[in-house]
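*Asks:* Prediction below, plus the sequence it came from.
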Amino acid sequence: MAEASSIRPQSAASIEQWHFEADVVVAGYGIAGVSASIEAARAGADVLVLERTSGWGGAAALAGGFIYLGGGTPLQQALGFEDSPANMKSFMMAALGPGADEEKITDYCEGSVEHYNWLVDNGVPFKESFYGQPGWETPFDDGLMYSGGENSAPFNTIATPAPRGHVPQMSGKRTGEKGGGFMLMKPLIETAESLGVRAEYDMRVQRLVVDGDRVVGIIAKQYGKEVAVRARTGVVLATGSFAYNEAMIQSYAPRLIGRPGAAVEEHDGKAIQMAQALGADLAHMDATEVAFFGDPQLMIRGILVNGRGQRYVNEDTYPGRIGQETLLRNENQAYLIIDEASYEEGCAADSSTPFFRFQPKWVAETVEELESDMGLPEGTLQSTVEVYNRHAARGEDPVLGKKKEWVKPIGSPVAALDLRNFTAGFTLGGLRTSINSEVMHVSGEPIPGLFAAGRCTAGVCAGGYASGTSLGDGSFYGRRAGISAAKG
Ligand SMILES: Cc1cc2nc3c(=O)[nH]c(=O)nc-3n(C[C@H](O)[C@H](O)[C@H](O)COP(=O)(O)OP(=O)(O)OC[C@H]3O[C@@H](n4cnc5c(N)ncnc54)[C@H](O)[C@@H]3O)c2cc1C
(Lines give C-alpha, C1' and ligand atoms only; values in the text may rest on other atoms or scores of the structure.)
Protein backbone atom coordinates (compact mmCIF):
# COMPACT_ATOMS: atom_id res chain seq x y z
CA MET A 1 0.00 0.00 0.00
CA ALA A 2 1.23 3.49 -0.79
CA GLU A 3 2.63 5.35 2.20
CA ALA A 4 0.49 8.35 3.06
CA SER A 5 1.17 10.42 6.14
CA SER A 6 -1.90 12.63 5.83
CA ILE A 7 -4.55 12.63 8.50
CA ARG A 8 -7.20 13.09 5.81
CA PRO A 9 -9.67 10.23 5.38
CA GLN A 10 -8.81 7.70 2.71
CA SER A 11 -11.31 6.35 0.22
CA ALA A 12 -12.21 2.67 0.57
CA ALA A 13 -11.91 2.36 -3.22
CA SER A 14 -8.19 3.00 -2.93
CA ILE A 15 -7.60 0.10 -0.54
CA GLU A 16 -5.97 -2.82 -2.35
CA GLN A 17 -5.99 -5.22 0.59
CA TRP A 18 -7.70 -5.31 3.97
CA HIS A 19 -5.16 -6.73 6.42
CA PHE A 20 -7.67 -7.14 9.26
CA GLU A 21 -11.47 -7.20 9.40
CA ALA A 22 -14.11 -7.14 12.12
CA ASP A 23 -17.65 -5.88 12.62
CA VAL A 24 -16.54 -3.32 15.18
CA VAL A 25 -13.03 -1.87 15.22
CA VAL A 26 -12.04 -0.06 18.41
CA ALA A 27 -9.03 2.30 18.53
CA GLY A 28 -7.44 2.29 22.01
CA TYR A 29 -7.59 -0.29 24.80
CA GLY A 30 -8.11 1.92 27.82
CA ILE A 31 -11.34 2.39 29.76
CA ALA A 32 -13.52 3.62 26.89
CA GLY A 33 -12.12 1.01 24.51
CA VAL A 34 -12.65 -1.97 26.78
CA SER A 35 -16.17 -0.87 27.73
CA ALA A 36 -17.07 -0.46 24.04
CA SER A 37 -15.59 -3.85 23.21
CA ILE A 38 -17.57 -5.69 25.88
CA GLU A 39 -20.90 -4.23 24.84
CA ALA A 40 -20.25 -4.63 21.11
CA ALA A 41 -19.33 -8.28 21.67
CA ARG A 42 -22.42 -8.83 23.83
CA ALA A 43 -24.50 -7.35 21.01
CA GLY A 44 -23.15 -10.13 18.82
CA ALA A 45 -20.38 -8.26 16.98
CA ASP A 46 -16.97 -9.60 16.10
CA VAL A 47 -14.68 -7.03 17.76
CA LEU A 48 -11.07 -6.07 17.08
CA VAL A 49 -9.16 -3.57 19.24
CA LEU A 50 -6.16 -1.69 17.86
CA GLU A 51 -3.81 -0.51 20.60
CA ARG A 52 -0.75 1.64 20.05
CA THR A 53 1.30 0.31 22.99
CA SER A 54 2.28 -3.27 23.74
CA GLY A 55 -0.47 -3.85 26.28
CA TRP A 56 -3.93 -2.83 27.42
CA GLY A 57 -4.60 -0.24 30.09
CA GLY A 58 -3.82 3.29 28.91
CA ALA A 59 -4.07 6.03 31.53
CA ALA A 60 -6.96 4.12 33.10
CA ALA A 61 -4.74 1.32 34.45
CA LEU A 62 -2.49 3.88 36.19
CA ALA A 63 -5.37 5.92 37.53
CA GLY A 64 -6.42 6.29 41.14
CA GLY A 65 -9.55 4.54 40.04
CA PHE A 66 -12.32 6.90 41.09
CA ILE A 67 -15.44 6.27 39.04
CA TYR A 68 -18.05 8.99 39.48
CA LEU A 69 -21.31 7.18 40.23
CA GLY A 70 -24.36 7.99 42.29
CA GLY A 71 -28.09 8.38 42.37
CA GLY A 72 -28.30 5.72 45.09
CA THR A 73 -25.81 3.01 44.14
CA PRO A 74 -25.85 -0.14 46.31
CA LEU A 75 -22.49 0.99 47.75
CA GLN A 76 -23.85 4.42 48.69
CA GLN A 77 -26.88 2.77 50.25
CA ALA A 78 -24.87 0.16 52.15
CA LEU A 79 -22.77 2.94 53.65
CA GLY A 80 -25.80 5.00 54.64
CA PHE A 81 -25.65 7.82 52.06
CA GLU A 82 -28.82 9.04 50.41
CA ASP A 83 -28.68 10.17 46.82
CA SER A 84 -30.96 10.37 43.79
CA PRO A 85 -30.41 10.98 40.08
CA ALA A 86 -31.95 14.45 40.48
CA ASN A 87 -29.64 15.33 43.38
CA MET A 88 -26.62 14.04 41.50
CA LYS A 89 -27.64 16.09 38.47
CA SER A 90 -27.96 19.27 40.56
CA PHE A 91 -24.39 18.83 41.77
CA MET A 92 -22.96 17.93 38.37
CA MET A 93 -24.68 20.82 36.57
CA ALA A 94 -23.33 23.26 39.18
CA ALA A 95 -19.81 21.83 39.49
CA LEU A 96 -18.89 20.71 35.99
CA GLY A 97 -19.79 23.79 33.97
CA PRO A 98 -20.05 26.40 32.72
CA GLY A 99 -21.70 24.99 29.63
CA ALA A 100 -22.18 21.45 30.95
CA ASP A 101 -24.17 19.23 28.58
CA GLU A 102 -27.50 18.86 30.36
CA GLU A 103 -28.76 16.01 28.16
CA LYS A 104 -25.59 14.01 28.80
CA ILE A 105 -25.56 14.72 32.52
CA THR A 106 -29.23 13.81 32.92
CA ASP A 107 -28.67 10.59 31.00
CA TYR A 108 -25.52 9.80 32.99
CA CYS A 109 -27.21 10.36 36.35
CA GLU A 110 -30.26 8.30 35.41
CA GLY A 111 -28.06 5.42 34.24
CA SER A 112 -25.55 5.57 37.07
CA VAL A 113 -26.96 2.85 39.35
CA GLU A 114 -27.27 0.45 36.41
CA HIS A 115 -23.70 1.30 35.42
CA TYR A 116 -22.43 0.51 38.93
CA ASN A 117 -24.20 -2.86 38.75
CA TRP A 118 -22.69 -3.49 35.30
CA LEU A 119 -19.19 -2.89 36.66
CA VAL A 120 -19.80 -5.22 39.60
CA ASP A 121 -21.31 -7.88 37.32
CA ASN A 122 -18.16 -7.68 35.20
CA GLY A 123 -15.96 -8.35 38.23
CA VAL A 124 -14.96 -4.87 39.46
CA PRO A 125 -14.63 -5.14 43.28
CA PHE A 126 -15.78 -2.36 45.62
CA LYS A 127 -15.18 -2.62 49.37
CA GLU A 128 -18.00 -1.48 51.62
CA SER A 129 -16.10 1.22 53.46
CA PHE A 130 -16.12 5.00 53.35
CA TYR A 131 -13.01 7.17 53.68
CA GLY A 132 -13.90 10.56 55.14
CA GLN A 133 -10.52 12.23 55.59
CA PRO A 134 -9.30 15.11 53.42
CA GLY A 135 -7.26 13.67 50.58
CA TRP A 136 -6.75 13.24 46.87
CA GLU A 137 -7.51 9.56 47.26
CA THR A 138 -7.91 7.04 50.04
CA PRO A 139 -4.51 5.65 51.02
CA PHE A 140 -6.28 2.39 51.86
CA ASP A 141 -8.64 0.11 49.95
CA ASP A 142 -11.90 1.89 50.86
CA GLY A 143 -14.61 1.90 48.22
CA LEU A 144 -16.22 5.33 48.59
CA MET A 145 -15.08 8.91 49.07
CA TYR A 146 -16.12 12.49 48.32
CA SER A 147 -14.33 13.32 45.09
CA GLY A 148 -15.71 16.61 43.80
CA GLY A 149 -16.32 18.98 46.69
CA GLU A 150 -19.92 17.81 47.15
CA ASN A 151 -19.74 18.41 50.92
CA SER A 152 -18.15 21.85 50.79
CA ALA A 153 -19.10 25.35 49.67
CA PRO A 154 -20.75 26.29 47.42
CA PHE A 155 -22.07 22.86 46.43
CA ASN A 156 -23.25 21.79 49.89
CA THR A 157 -25.93 24.47 49.61
CA ILE A 158 -26.92 23.54 46.03
CA ALA A 159 -27.40 19.78 46.42
CA THR A 160 -27.51 17.34 49.33
CA PRO A 161 -23.92 16.17 49.78
CA ALA A 162 -23.33 12.55 48.76
CA PRO A 163 -19.97 10.87 48.13
CA ARG A 164 -19.76 9.53 44.57
CA GLY A 165 -16.11 8.60 44.11
CA HIS A 166 -16.37 4.79 43.81
CA VAL A 167 -12.93 3.14 43.97
CA PRO A 168 -12.18 -0.45 42.97
CA GLN A 169 -10.59 -2.36 45.83
CA MET A 170 -6.86 -2.84 45.52
CA SER A 171 -4.07 -3.40 48.02
CA GLY A 172 -0.53 -1.98 47.84
CA LYS A 173 -1.54 1.19 45.99
CA ARG A 174 0.95 3.95 45.11
CA THR A 175 -0.70 7.20 44.06
CA GLY A 176 0.25 8.20 40.52
CA GLU A 177 1.77 4.81 39.70
CA LYS A 178 -0.37 1.91 40.82
CA GLY A 179 -3.92 2.86 41.63
CA GLY A 180 -7.39 1.36 41.81
CA GLY A 181 -7.69 1.92 38.04
CA PHE A 182 -5.82 -1.31 37.54
CA MET A 183 -8.56 -3.22 39.34
CA LEU A 184 -11.09 -1.52 37.11
CA MET A 185 -9.27 -2.45 33.91
CA LYS A 186 -8.16 -5.99 34.75
CA PRO A 187 -11.61 -7.55 35.25
CA LEU A 188 -13.03 -5.64 32.28
CA ILE A 189 -10.22 -6.87 30.01
CA GLU A 190 -10.79 -10.41 31.26
CA THR A 191 -14.49 -10.03 30.48
CA ALA A 192 -13.71 -8.76 26.97
CA GLU A 193 -11.32 -11.66 26.36
CA SER A 194 -13.93 -14.15 27.57
CA LEU A 195 -16.33 -12.70 25.01
CA GLY A 196 -13.86 -13.30 22.19
CA VAL A 197 -12.68 -9.70 21.72
CA ARG A 198 -9.40 -9.73 19.75
CA ALA A 199 -6.60 -7.19 20.21
CA GLU A 200 -3.72 -6.13 17.98
CA TYR A 201 -0.94 -4.34 19.87
CA ASP A 202 1.79 -1.97 18.64
CA MET A 203 -0.85 -0.76 16.20
CA ARG A 204 -0.98 3.01 15.84
CA VAL A 205 -4.14 4.35 14.29
CA GLN A 206 -3.45 7.00 11.63
CA ARG A 207 -6.59 7.93 9.69
CA LEU A 208 -10.11 6.85 8.81
CA VAL A 209 -11.29 5.02 5.72
CA VAL A 210 -14.56 6.19 4.16
CA ASP A 211 -17.02 4.92 1.62
CA GLY A 212 -18.93 8.04 0.62
CA ASP A 213 -20.04 9.63 3.89
CA ARG A 214 -19.66 6.44 5.88
CA VAL A 215 -16.64 5.41 7.96
CA VAL A 216 -15.76 1.82 7.03
CA GLY A 217 -12.28 1.32 8.42
CA ILE A 218 -9.01 2.59 9.76
CA ILE A 219 -5.46 2.88 8.44
CA ALA A 220 -2.93 2.05 11.14
CA LYS A 221 0.78 1.49 11.41
CA GLN A 222 2.15 -1.71 12.92
CA TYR A 223 5.91 -2.27 13.20
CA GLY A 224 6.49 0.49 10.65
CA LYS A 225 4.10 -0.96 8.07
CA GLU A 226 0.74 0.57 7.09
CA VAL A 227 -2.20 -1.78 7.44
CA ALA A 228 -5.83 -1.38 6.45
CA VAL A 229 -8.48 -2.51 8.92
CA ARG A 230 -12.03 -2.94 7.74
CA ALA A 231 -14.93 -2.25 10.08
CA ARG A 232 -18.11 -3.87 8.79
CA THR A 233 -20.50 -2.04 11.12
CA GLY A 234 -18.61 0.70 13.00
CA VAL A 235 -15.41 2.32 14.22
CA VAL A 236 -15.03 3.43 17.86
CA LEU A 237 -12.41 6.06 18.66
CA ALA A 238 -11.12 5.72 22.25
CA THR A 239 -7.53 6.96 22.20
CA GLY A 240 -7.61 9.51 25.03
CA SER A 241 -7.04 13.24 25.43
CA PHE A 242 -4.79 15.75 23.65
CA ALA A 243 -2.75 16.56 26.78
CA TYR A 244 0.49 15.61 25.00
CA ASN A 245 -0.16 17.37 21.68
CA GLU A 246 1.75 20.61 22.16
CA ALA A 247 0.27 22.34 19.11
CA MET A 248 -3.29 21.54 20.16
CA ILE A 249 -2.59 22.60 23.75
CA GLN A 250 -1.23 25.87 22.43
CA SER A 251 -4.33 26.41 20.28
CA TYR A 252 -7.05 25.34 22.67
CA ALA A 253 -5.89 25.11 26.29
CA PRO A 254 -2.79 27.29 26.60
CA ARG A 255 -2.83 27.38 30.40
CA LEU A 256 -1.63 23.77 30.22
CA ILE A 257 1.43 24.56 28.08
CA GLY A 258 4.33 22.56 29.51
CA ARG A 259 2.28 20.95 32.23
CA PRO A 260 0.53 17.75 31.07
CA GLY A 261 -0.46 15.52 33.97
CA ALA A 262 -2.59 12.49 34.89
CA ALA A 263 -2.35 11.33 31.29
CA VAL A 264 -0.03 9.18 29.19
CA GLU A 265 2.11 10.34 26.27
CA GLU A 266 -0.08 8.39 23.85
CA HIS A 267 -2.75 11.04 24.51
CA ASP A 268 -1.75 13.01 21.43
CA GLY A 269 -5.14 14.11 20.13
CA LYS A 270 -4.85 12.04 16.97
CA ALA A 271 -8.40 10.66 17.09
CA ILE A 272 -9.78 14.17 17.43
CA GLN A 273 -7.85 15.32 14.35
CA MET A 274 -8.78 12.21 12.34
CA ALA A 275 -12.45 12.90 12.92
CA GLN A 276 -12.05 16.65 12.43
CA ALA A 277 -10.70 15.87 8.98
CA LEU A 278 -14.12 14.35 8.27
CA GLY A 279 -16.02 17.38 9.52
CA ALA A 280 -16.53 16.34 13.17
CA ASP A 281 -17.69 18.97 15.61
CA LEU A 282 -15.76 19.73 18.81
CA ALA A 283 -16.79 20.92 22.27
CA HIS A 284 -15.17 22.41 25.36
CA MET A 285 -11.65 22.28 23.97
CA ASP A 286 -10.52 24.81 26.59
CA ALA A 287 -11.70 22.73 29.55
CA THR A 288 -9.01 21.13 31.68
CA GLU A 289 -8.63 19.03 34.80
CA VAL A 290 -5.97 20.56 37.05
CA ALA A 291 -4.08 18.65 39.72
CA PHE A 292 -2.44 20.66 42.49
CA PHE A 293 0.69 19.38 44.23
CA GLY A 294 -0.42 20.10 47.75
CA ASP A 295 -1.38 17.64 50.47
CA PRO A 296 -5.05 18.21 51.38
CA GLN A 297 -4.31 17.33 55.03
CA LEU A 298 -2.10 20.44 55.19
CA MET A 299 -4.12 22.74 52.92
CA ILE A 300 -7.30 22.24 54.91
CA ARG A 301 -5.52 23.30 58.14
CA GLY A 302 -4.22 26.58 56.74
CA ILE A 303 -5.25 29.26 54.27
CA LEU A 304 -4.28 29.42 50.61
CA VAL A 305 -3.42 32.86 49.30
CA ASN A 306 -2.56 34.07 45.81
CA GLY A 307 0.27 36.32 44.63
CA ARG A 308 -1.52 39.31 46.17
CA GLY A 309 -1.79 37.69 49.59
CA GLN A 310 -5.55 37.18 49.20
CA ARG A 311 -7.54 34.01 49.84
CA TYR A 312 -9.24 32.69 46.72
CA VAL A 313 -10.72 29.25 47.47
CA ASN A 314 -12.18 27.38 50.44
CA GLU A 315 -9.36 25.06 51.45
CA ASP A 316 -11.71 22.20 52.39
CA THR A 317 -12.96 21.70 48.83
CA TYR A 318 -11.95 19.09 46.26
CA PRO A 319 -8.22 19.58 45.63
CA GLY A 320 -8.81 19.52 41.86
CA ARG A 321 -11.01 22.57 42.27
CA ILE A 322 -8.16 24.22 44.17
CA GLY A 323 -5.95 23.35 41.19
CA GLN A 324 -8.36 24.91 38.70
CA GLU A 325 -8.80 28.05 40.80
CA THR A 326 -5.02 28.38 41.15
CA LEU A 327 -3.99 27.80 37.53
CA LEU A 328 -6.95 29.19 35.64
CA ARG A 329 -7.95 32.15 37.78
CA ASN A 330 -4.95 33.05 39.97
CA GLU A 331 -2.00 32.96 37.59
CA ASN A 332 -0.73 29.71 39.14
CA GLN A 333 0.33 31.62 42.28
CA ALA A 334 -0.36 29.92 45.60
CA TYR A 335 1.09 29.99 49.08
CA LEU A 336 -0.14 27.97 52.01
CA ILE A 337 -0.11 29.95 55.25
CA ILE A 338 -0.18 27.62 58.23
CA ASP A 339 0.87 27.76 61.87
CA GLU A 340 3.32 25.31 63.37
CA ALA A 341 0.79 23.30 65.37
CA SER A 342 -1.48 22.80 62.35
CA TYR A 343 1.47 21.88 60.13
CA GLU A 344 2.55 19.19 62.56
CA GLU A 345 -1.01 17.91 62.96
CA GLY A 346 -1.45 17.72 59.16
CA CYS A 347 1.86 15.91 58.70
CA ALA A 348 0.81 13.29 61.25
CA ALA A 349 -2.54 12.56 59.54
CA ASP A 350 -3.18 9.75 57.01
CA SER A 351 -2.49 10.72 53.42
CA SER A 352 -2.16 9.15 49.98
CA THR A 353 0.13 12.03 49.01
CA PRO A 354 2.77 12.44 51.75
CA PHE A 355 5.19 13.44 48.95
CA PHE A 356 3.15 16.66 48.59
CA ARG A 357 4.05 17.71 52.18
CA PHE A 358 6.69 20.29 51.42
CA GLN A 359 8.86 22.07 53.94
CA PRO A 360 7.88 25.69 54.64
CA LYS A 361 9.93 28.21 52.67
CA TRP A 362 9.44 31.03 55.18
CA VAL A 363 8.83 30.85 58.96
CA ALA A 364 8.19 33.84 61.22
CA GLU A 365 6.86 34.78 64.62
CA THR A 366 4.33 37.25 63.19
CA VAL A 367 2.29 37.57 60.01
CA GLU A 368 3.82 41.00 59.46
CA GLU A 369 7.32 39.47 59.34
CA LEU A 370 6.13 36.60 57.17
CA GLU A 371 4.54 39.02 54.70
CA SER A 372 7.74 41.01 54.47
CA ASP A 373 9.93 37.89 54.09
CA MET A 374 7.67 36.67 51.28
CA GLY A 375 7.93 40.01 49.50
CA LEU A 376 4.17 40.62 49.52
CA PRO A 377 2.93 44.24 49.49
CA GLU A 378 2.64 45.58 53.00
CA GLY A 379 -0.69 44.94 54.63
CA THR A 380 -1.98 42.38 52.12
CA LEU A 381 -1.34 39.16 54.00
CA GLN A 382 -1.85 40.87 57.35
CA SER A 383 -5.35 41.99 56.42
CA THR A 384 -6.20 38.55 54.96
CA VAL A 385 -5.14 36.79 58.16
CA GLU A 386 -6.78 39.41 60.35
CA VAL A 387 -10.16 38.97 58.62
CA TYR A 388 -9.83 35.18 58.60
CA ASN A 389 -8.88 35.02 62.28
CA ARG A 390 -11.60 37.47 63.34
CA HIS A 391 -14.32 35.18 61.95
CA ALA A 392 -12.44 31.95 62.76
CA ALA A 393 -12.57 32.89 66.45
CA ARG A 394 -16.33 32.20 66.13
CA GLY A 395 -15.74 29.10 63.96
CA GLU A 396 -16.97 30.89 60.83
CA ASP A 397 -15.67 31.63 57.34
CA PRO A 398 -18.23 34.00 55.80
CA VAL A 399 -15.81 34.92 52.98
CA LEU A 400 -15.39 31.50 51.37
CA GLY A 401 -17.56 29.17 53.41
CA LYS A 402 -14.99 26.72 54.73
CA LYS A 403 -16.73 24.27 57.06
CA LYS A 404 -16.77 25.02 60.76
CA GLU A 405 -14.81 21.90 61.68
CA TRP A 406 -11.76 23.16 59.75
CA VAL A 407 -11.91 26.84 60.68
CA LYS A 408 -9.35 27.75 63.34
CA PRO A 409 -7.46 31.03 63.89
CA ILE A 410 -3.91 31.02 62.56
CA GLY A 411 -1.43 31.28 65.43
CA SER A 412 2.31 31.65 65.84
CA PRO A 413 4.92 30.65 64.74
CA VAL A 414 3.53 30.88 61.25
CA ALA A 415 4.92 29.51 57.99
CA ALA A 416 4.37 29.79 54.26
CA LEU A 417 4.75 26.91 51.82
CA ASP A 418 5.63 28.07 48.33
CA LEU A 419 3.18 26.30 46.01
CA ARG A 420 3.62 28.52 42.95
CA ASN A 421 3.45 26.69 39.60
CA PHE A 422 2.56 23.44 41.35
CA THR A 423 -0.09 22.33 38.88
CA ALA A 424 -0.50 19.88 35.98
CA GLY A 425 -3.50 18.56 34.14
CA PHE A 426 -5.20 16.97 31.20
CA THR A 427 -7.73 18.13 28.67
CA LEU A 428 -11.47 17.53 28.91
CA GLY A 429 -12.64 18.72 25.52
CA GLY A 430 -12.88 16.76 22.33
CA LEU A 431 -15.28 15.35 19.79
CA ARG A 432 -18.90 16.32 20.24
CA THR A 433 -20.88 13.12 20.66
CA SER A 434 -24.54 12.24 21.18
CA ILE A 435 -25.73 10.22 24.18
CA ASN A 436 -25.46 7.21 21.88
CA SER A 437 -21.77 8.08 21.36
CA GLU A 438 -22.23 8.99 17.71
CA VAL A 439 -19.60 11.48 16.54
CA MET A 440 -21.46 14.58 15.40
CA HIS A 441 -20.66 16.39 12.18
CA VAL A 442 -20.52 20.20 12.29
CA SER A 443 -23.86 20.09 10.46
CA GLY A 444 -25.44 18.55 13.58
CA GLU A 445 -25.92 15.12 11.96
CA PRO A 446 -24.08 12.01 13.18
CA ILE A 447 -21.20 10.83 11.00
CA PRO A 448 -22.32 7.38 9.79
CA GLY A 449 -20.19 4.52 11.13
CA LEU A 450 -18.18 6.69 13.57
CA PHE A 451 -18.48 6.51 17.36
CA ALA A 452 -16.28 7.75 20.19
CA ALA A 453 -15.93 7.84 23.96
CA GLY A 454 -13.47 8.71 26.70
CA ARG A 455 -11.19 11.72 26.76
CA CYS A 456 -11.06 12.12 22.98
CA THR A 457 -14.65 13.34 23.44
CA ALA A 458 -16.28 16.14 25.39
CA GLY A 459 -17.99 14.23 28.18
CA VAL A 460 -19.85 15.31 31.28
CA CYS A 461 -17.26 17.97 32.22
CA ALA A 462 -17.32 21.28 30.42
CA GLY A 463 -15.14 23.37 32.69
CA GLY A 464 -15.24 22.09 36.25
CA TYR A 465 -14.12 18.61 37.23
CA ALA A 466 -14.73 15.91 39.82
CA SER A 467 -12.45 12.91 40.27
CA GLY A 468 -14.04 9.90 38.66
CA THR A 469 -15.79 11.66 35.83
CA SER A 470 -13.19 10.50 33.28
CA LEU A 471 -13.30 6.82 34.13
CA GLY A 472 -17.02 7.40 34.68
CA ASP A 473 -18.05 8.88 31.35
CA GLY A 474 -15.34 6.88 29.55
CA SER A 475 -16.88 3.60 30.70
CA PHE A 476 -20.50 4.78 30.50
CA TYR A 477 -20.29 6.21 26.97
CA GLY A 478 -17.77 3.57 25.94
CA ARG A 479 -20.55 1.04 26.48
CA ARG A 480 -22.93 3.14 24.38
CA ALA A 481 -20.33 3.41 21.62
CA GLY A 482 -20.00 -0.38 21.52
CA ILE A 483 -23.76 -0.89 21.35
CA SER A 484 -24.17 1.74 18.63
CA ALA A 485 -21.19 0.50 16.58
CA ALA A 486 -22.49 -3.07 16.65
CA LYS A 487 -25.81 -1.84 15.19
CA GLY A 488 -23.96 0.09 12.49
C1 LIG B 1 -2.09 8.78 37.66
C2 LIG B 1 -3.47 9.00 37.10
C3 LIG B 1 -4.56 9.05 37.98
C4 LIG B 1 -5.85 9.24 37.47
N5 LIG B 1 -6.91 9.12 38.32
C6 LIG B 1 -8.17 9.14 37.83
C7 LIG B 1 -9.29 8.83 38.64
O8 LIG B 1 -9.15 8.46 39.83
N9 LIG B 1 -10.54 8.91 38.09
C10 LIG B 1 -10.74 9.29 36.79
O11 LIG B 1 -11.88 9.36 36.35
N12 LIG B 1 -9.68 9.56 35.99
C13 LIG B 1 -8.42 9.47 36.47
N14 LIG B 1 -7.36 9.67 35.63
C15 LIG B 1 -7.63 10.05 34.23
C16 LIG B 1 -8.13 8.83 33.45
O17 LIG B 1 -7.28 7.73 33.67
C18 LIG B 1 -8.19 9.11 31.95
O19 LIG B 1 -8.75 10.37 31.70
C20 LIG B 1 -9.02 8.01 31.27
O21 LIG B 1 -8.31 6.79 31.36
C22 LIG B 1 -9.35 8.35 29.84
O23 LIG B 1 -9.96 7.24 29.25
P24 LIG B 1 -9.70 6.92 27.71
O25 LIG B 1 -10.30 5.59 27.45
O26 LIG B 1 -10.11 8.07 26.91
O27 LIG B 1 -8.09 6.84 27.61
P28 LIG B 1 -7.09 5.72 28.12
O29 LIG B 1 -7.68 4.99 29.26
O30 LIG B 1 -5.76 6.34 28.30
O31 LIG B 1 -7.02 4.74 26.87
C32 LIG B 1 -6.57 5.22 25.61
C33 LIG B 1 -5.77 4.12 24.92
O34 LIG B 1 -5.60 4.48 23.54
C35 LIG B 1 -4.28 4.17 23.15
N36 LIG B 1 -3.93 5.00 21.98
C37 LIG B 1 -3.59 6.30 21.93
N38 LIG B 1 -3.34 6.69 20.67
C39 LIG B 1 -3.55 5.62 19.89
C40 LIG B 1 -3.47 5.39 18.48
N41 LIG B 1 -3.11 6.36 17.62
N42 LIG B 1 -3.75 4.15 18.02
C43 LIG B 1 -4.11 3.14 18.87
N44 LIG B 1 -4.19 3.30 20.21
C45 LIG B 1 -3.93 4.53 20.71
C46 LIG B 1 -3.46 4.46 24.39
O47 LIG B 1 -2.21 3.80 24.34
C48 LIG B 1 -4.38 3.94 25.49
O49 LIG B 1 -4.14 2.58 25.77
C50 LIG B 1 -6.05 9.46 36.09
C51 LIG B 1 -4.96 9.40 35.22
C52 LIG B 1 -3.68 9.15 35.71
C53 LIG B 1 -2.54 9.00 34.73
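*Replies:* Arrived safely. Numbering: from 1, shown residues only.
*Asks:* How about the stretch 351-488 of the chain: which residue is closest to the ligand?
*Replies:* residue 454 (2.4 Å; Cβ to the nearest ligand atom). The C-beta positions use only the backbone N, C-alpha and C, and glycine is treated the same way.
*Asks:* To which secondary structure element is the nearest residue to that residue once chain neighbours are set aside assigned?
*Replies:* Excluding the flanking residues, the one nearest residue 454 by Cβ to Cβ, 6 or more residues apart in numbering is residue 32, at 2.9 Å. Element membership for residue 32, per DSSP states H and E: helix 31-42.
*Asks:* strands paired with the very next helix or strand once past that helix, and their directions?
*Replies:* Using DSSP H and E, the helix or strand that follows helix 31-42 in sequence is strand 47-50. Paired strands of strand 47-50, with direction, are strand 20-27 (parallel), strand 198-200 (parallel) (DSSP bridges).
*Asks:* can you tell if strand 47-50 touches the ligand?
*Replies:* Yes - interface with the ligand: strand 47-50 contributes residue 50 (Cβ under 6 Å from any ligand atom).
*Asks:* Mind giving me the packing neighbours of the helix or strand following that strand?
*Replies:* Scanning forward in sequence from strand 47-50 by DSSP H and E, the next helix or strand is strand 67-68. For strand 67-68, the contact count by 3 or more Cβ pairs under 8 Å, 6 or more residues apart in numbering; DSSP states H and E identifies strand 165-166, helix 469-487 as packing neighbours.
*Asks:* picking that back up, in contact with the residue nearest to residue 454, which residues are there?
*Replies:* 236, 238, 452, 453, 454, 455, 456, 474, 475, 477, 478, 481 (Cβ atoms under 8 Å, 6 or more residues apart in numbering).
*Asks:* can you check residue 306 too?
*Replies:* So residue 306 contacts 312, 326, 330, 331, 333, 334, 335 (Cβ under 8 Å, 6+ apart).
*Asks:* so what's it closest to, chain neighbours aside?
*Replies:* That would be residue 330: by Cβ to Cβ, 6+ apart, it lies 4.2 Å from residue 306.
*Asks:* For residue 295, see how far away that neighbour is.
*Replies:* According to Cβ to Cβ, to the nearest Å, residue 330 stands 19 Å off from residue 295.
*Asks:* Which one's more surrounded, those two?
*Replies:* Ranked by neighbour count (other Cβ atoms under 10 Å), residue 330 and residue 295 place residue 295 first, with 26 against 18.
*Asks:* Backbone torsions only: list them for that one.
*Replies:* phi -90, psi 120 (degrees, to the nearest 10).
*Asks:* Isn't it up against residue 350?
*Replies:* No - using Cβ atoms under 8 Å, residue 295 is not in contact with residue 350; the gap is 10.7 Å.
*Asks:* Which residue ranges make up the domains of the protein?
*Replies:* 1-293+423-488, 294-421 (automatic domain parsing).
*Asks:* any idea how far the first one is from the chain center?
*Replies:* In this case it means domain 1-293+423-488. 9 Å (Cα atoms, centre = their mean, to the nearest Å).
*Asks:* The spatially closest residue to residue 19 that is not a sequence neighbour: how many residues sit nearby?
*Replies:* Leaving aside its sequence neighbours, residue 19 sits nearest to residue 227 (Cβ to Cβ, 6+ apart; 4.0 Å). For residue 227, the number of neighbouring residues by other Cβ under 10 Å comes to 19.
*Asks:* Just confirm residue 227 is within a strand.
*Replies:* Yes - Residue 227: assigned to a strand according to DSSP: H, G, I helix; E, B strand; the rest coil.
*Asks:* give the contact list for it.
*Replies:* Counted by Cβ under 8 Å, 6+ apart, residue 227 has contacts 1, 19, 20, 203, 219, 220, 221.
*Asks:* Residue 278 too?
*Replies:* By Cβ under 8 Å, 6+ apart, the neighbours of residue 278 are 9, 208, 210, 215, 441, 447, 450.
*Asks:* Could you rerun that using 7 Å?
*Replies:* When contacts are counted by Cβ atoms under 7 Å, 6 or more residues apart in numbering, residue 278 touches 9, 208, 210, 447.
*Asks:* For whatever residue of the stretch 51-200 of the chain ends up closest to the ligand, which non-adjacent residue is closest in space?
*Replies:* With Cβ to the nearest ligand atom, the shortest gap between the stretch 51-200 of the chain and the ligand falls at residue 58, namely 2.6 Å. Leaving out its chain neighbours, the residue that sits closest to residue 58 by Cβ to Cβ, 6+ apart is residue 30, at 2.6 Å.
*Asks:* Report pLDDT for the one you found.
*Replies:* pLDDT recorded at residue 30 is 98.
*Asks:* and it, how many residues sit next to it?
*Replies:* Residue 30: 32 neighbours (other Cβ under 10 Å).
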